[in-house]
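Asks: predicted coordinates and the sequence they were generated for:
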Amino acid sequence: MDCGELRDRLALESVRSEIAAGCVVFLLDGLDELGEEREEKYETKKWNSETGKQETVIETRQYDPRKRLMDSIPSRDQIIVTCRVKDYTEIGKSSP
């Protein structure tokens with residue numbers, strides 16, 4: 001059975017239920033391939049007191065995609081991360 005067939009057989013709600021119950025082990029390979037800290041642009045709304053209107057402003061911020069990914073995983077979930085040790089250490093994150 002190939003991946004496409006397997007995906008078709010699994011009911012989406014069943015998979016979501018297993019994840020929510022903490023019954024899934026996530027295998028994340030290649031954390032180092034996400035790259036290092038970088039800058040991203042985002043839109044934000046700010047009030048302009050001179051014009052009395054809300055304006056869209058483009059701002060930038062620094063982020064590390066490796067740390068962002070690790071921070072997005074709830075601590076109760078079981079995960080296995082494989083990557084170069086240097087990258088994992090650089091973001092200052094250890095497994096829960």
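Replies: That came in fine, so what should we check first? From a predicted model like this one, the values you see are computed outputs, not experimental measurements. Numbering: from 1, shown residues only.
Asks: okay, CA-based contacts and neighbour counts for the rest of this
Replies: Will do.
Asks: what bits of this structure have low per-residue confidence?
Replies: Along the chain, the model assigns pLDDT under 70 to residues 1-2, 4, 6-11, 84-88, 90-96.
Asks: check whether the spatially closest residue to Val81 that is not a sequence neighbour sits in a helix, strand or coil.
Replies: Beyond its immediate neighbours in the sequence, the residue positioned closest to Val81 (Cα to Cα, 6 or more residues apart in numbering) is Leu28, lying 4.8 Å away. Taking DSSP: H, G, I helix; E, B strand; the rest coil as the rule, one finds Leu28 in the strand state.
Asks: mind listing the helices for this structure?
Replies: Counting by DSSP state H, the chain has these helices, from start to end: 3-9, 12-20, 65-71, 85-90.
Asks: how about the second one as CSV, C-alpha atoms only?
Replies: What that stands for is helix 12-20. Provided in CSV are the C-alpha atoms of helix 12-20 (Å, rounded to 0.1, in the frame of the first residue of the first chain):
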residue,chain,number,x,y,z
LEU,A,12,-9.3,12.8,9.0
GLU,A,13,-11.3,13.0,12.3
SER,A,14,-9.7,9.8,13.5
VAL,A,15,-6.2,11.2,12.9
ARG,A,16,-7.1,14.5,14.6
SER,A,17,-8.5,12.6,17.6
GLU,A,18,-5.3,10.5,17.9
ILE,A,19,-3.2,13.7,17.8
ALA,A,20,-5.4,15.4,20.4
